[in-house]
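# Prediction below, plus the sequence it came from.
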Amino acid sequence: MRSWERTVVIFVAVASLAGGAARAGTAQPAGPVAPAAAGDLASEVTKLKGEIEGLKGIVPDQSHVMKDIAYHFSNLWFAGQARNWPLAGFYLSETRSHLRWAVRIRPVRRTTSGEIDLRGILEGMDRSLLTGVQKTIEARDLAAFSKAYRDTLSGCYACHQASEKPYLRLRVPDAPEGRMIEFSPAGSGG
């Protein structure tokens, strides 16, 4: 059993025991509570393992989340090009949020050369490249935004290469993902 699974099992077991004691209220015995029978605890652990596996089965895989990231990051380009800085800020925020979700789903990727900690890569990208995009949005600087966006695409591709997925090459999008979104700023007549 992996350490995080062990932690969840212990947490749930303790919470179950504490919940039972809380429901009993003042009717708790005055003396020490007898520990659960070993068979009961083993049965509960087995049940919890099954529930954990069931939950893992309903979590979307990382590629699903990356599709969401592509949606937001693509729309970010068009919001910036339209100089709709509030919308660009929204799409940058959604991109960051979904990147964190993708890394929570798979924090470590195994490759032929060893394990790659995606958390560290994301942290570095967030502090440098994505913060750079954020600053260009705040400055409302289209030229700097366009460069920062392209630099971020290069950084994303470097992660794909490190993860042994060089076929996931990125480019500046030629059409927005959100076709029903109005990219021109409100009040611009668009």
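It's in. Numbering: from 1, shown residues only.
# show me what contacts Leu92?
76, 130, 133-134, 137 (Cβ atoms under 8 Å, 6 or more residues apart in numbering). (Glycine included, C-beta is placed from N, CA and C.)
# same deal with Thr152?
Shown in contact with Thr152 (Cβ under 8 Å, 6+ apart): 73, 125, 129-130, 132-133.
# quick one: it from Leu99, how far?
11 Å (Cβ to Cβ, to the nearest Å).
# Could you name every residue contacting both of these two?
Met125.
# tell me the domain ranges of the protein?
1-20+38-58, 62-162 (automatic domain parsing).
# Look at the residue nearest to the spatial centre of the chain and report its pLDDT.
For the chain, the residue whose C-alpha lies nearest the mean C-alpha position (Cα atoms, centre = their mean) is Trp101; its distance is 0.9 Å. Here the pLDDT value assigned to Trp101 is 95.
# swap in Ile52?
With respect to pLDDT, Ile52 scores 88.
# Please apply the same query to Ile116.
95.
# Over to Ala21?
43.
# follow-up on the earlier one: would you mind putting the contacts of Thr152 into JSON lines with secondary structure and pLDDT alongside?
Below are those laid out as JSON lines (DSSP: H, G, I helix; E, B strand; the rest coil; pLDDT from 0 to 100):
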{"residue": "Phe73", "secondary structure": "helix", "pLDDT": "98"}
{"residue": "Met125", "secondary structure": "helix", "pLDDT": "97"}
{"residue": "Leu129", "secondary structure": "helix", "pLDDT": "98"}
{"residue": "Leu130", "secondary structure": "helix", "pLDDT": "98"}
{"residue": "Gly132", "secondary structure": "helix", "pLDDT": "98"}
{"residue": "Val133", "secondary structure": "helix", "pLDDT": "98"}
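# My guess is Cys156 contacts Leu170. True?
Yes. The pair Cys156 / Leu170 is scored as a contact, 5.6 Å apart, by Cβ atoms under 8 Å.
# neighbour count winner among those two?
Ranked by neighbour count (other Cβ atoms under 10 Å), Cys156 and Leu170 place Cys156 first, with 21 against 15.
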